[in-house]
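Colleague: I'll drop the sequence and a predicted model, then ask my questions.
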Amino acid sequence: MLDRDGVINQDSDAYVKSLAEWQPIPGALEAIARLYHAGWTVTVATNQSGLARGLFSSATLEAMHDQLQTLLQQQGAHIELICYCPHGPEDQCDCRKPKPGLFQQIATYFDVPNLRDVPVVGDSVRDLQAGIALGATPYLVKTGKGEQTLHQGGLPEGTLVFDDLSAVADYLLRVSP
């Protein structure tokens, strides 16, 4: 389970608001493809409060996700499920990370009672907290806001830290049966 901004694509404090601004992090798409070809099911859970803030439309967000899938298809891979929270922080929804609603959607989609030991990869504490609420294993990447997150501390117990998604994929492919 991957966060999007800062893990798969470049992040921006001004939000990723257009297809032109959506730029993959070097090596991230290849990492997803390697995982996919090794039999992993890849999903995305992402907060997208730019929708609630009126910074971009649902159609623009879908165009970004379509671009992601198109680039992965060129490598013979795809993401099985992309879940996103369209709400702002003040909306008090159940899906905005660090609440686990997006991860519950993923568990429901795959008809599993929990996400015990499933890797959740993010660049912020809230990404990791949302996953561990359902038993996932936290992986922090230093891309996006990851370096800042690492220096701020407060990581969930057992968090594994990697330079980027490619390094996470290398690790998972090395340790998984």
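Modeller: Happy to help now that I have it. Numbering: from 1, shown residues only.
Colleague: what about the strands in the protein?
Modeller: 43-47, 81-85, 119-122, 137-141, 160-162 (DSSP state E).
Colleague: orientation of the first one relative to strand 81-85 in degrees?
Modeller: It refers to strand 43-47. Counting by axes from the mean of the first three to the mean of the last three C-alpha atoms, to 10 degrees, strand 43-47 lies at 10 degrees to strand 81-85.
Colleague: pull the CA atoms of strand 43-47 into PDB?
Modeller: Taking Å, rounded to 0.1, in the frame of the first residue of the first chain, the C-alpha atoms of strand 43-47 are listed here in PDB:
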ATOM      1  CA  THR A  43      -2.500  -0.300  -4.100                       C
ATOM      2  CA  VAL A  44      -2.500   3.500  -3.400                       C
ATOM      3  CA  ALA A  45      -4.100   5.400  -0.500                       C
ATOM      4  CA  THR A  46      -3.800   9.100  -0.800                       C
ATOM      5  CA  ASN A  47      -5.100  12.300   0.800                       C
END
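Colleague: Which secondary structure elements does it sit against?
Modeller: Where contact means 3 or more C-beta pairs under 8 Å, 6 or more residues apart in numbering; DSSP states H and E, strand 43-47 is packed against strand 81-85, helix 101-109, helix 125-132. Yep, even glycine has a C-beta here, placed from its N, CA and C like the rest.
Colleague: contacts for that strand?
Modeller: Taking contacts as C-beta atoms under 8 Å, 6 or more residues apart in numbering, the residues outside strand 43-47 that touch it are 1-5, 8, 79-85, 96-97, 102-103, 105-106, 120, 126-127, 130-131.
Colleague: Equivalent analysis for stretch 140-147, please.
Modeller: Counting by C-beta under 8 Å, 6+ apart, 5-7, 10-11, 25, 121-124, 128, 149-150, 155, 159-165, 167-168 sit against stretch 140-147.
Colleague: Give me the buried stretch members for that stretch, please.
Modeller: Residues 140-146 are the ones in stretch 140-147 that count as buried (16 or more other C-beta atoms under 10 Å).
Colleague: picking up where we left off before, pick the most deeply packed of the strands of the chain.
Modeller: Across those, averaging neighbours per residue (mean count of other C-beta atoms under 10 Å) puts strand 119-122 on top, at a mean of 27.
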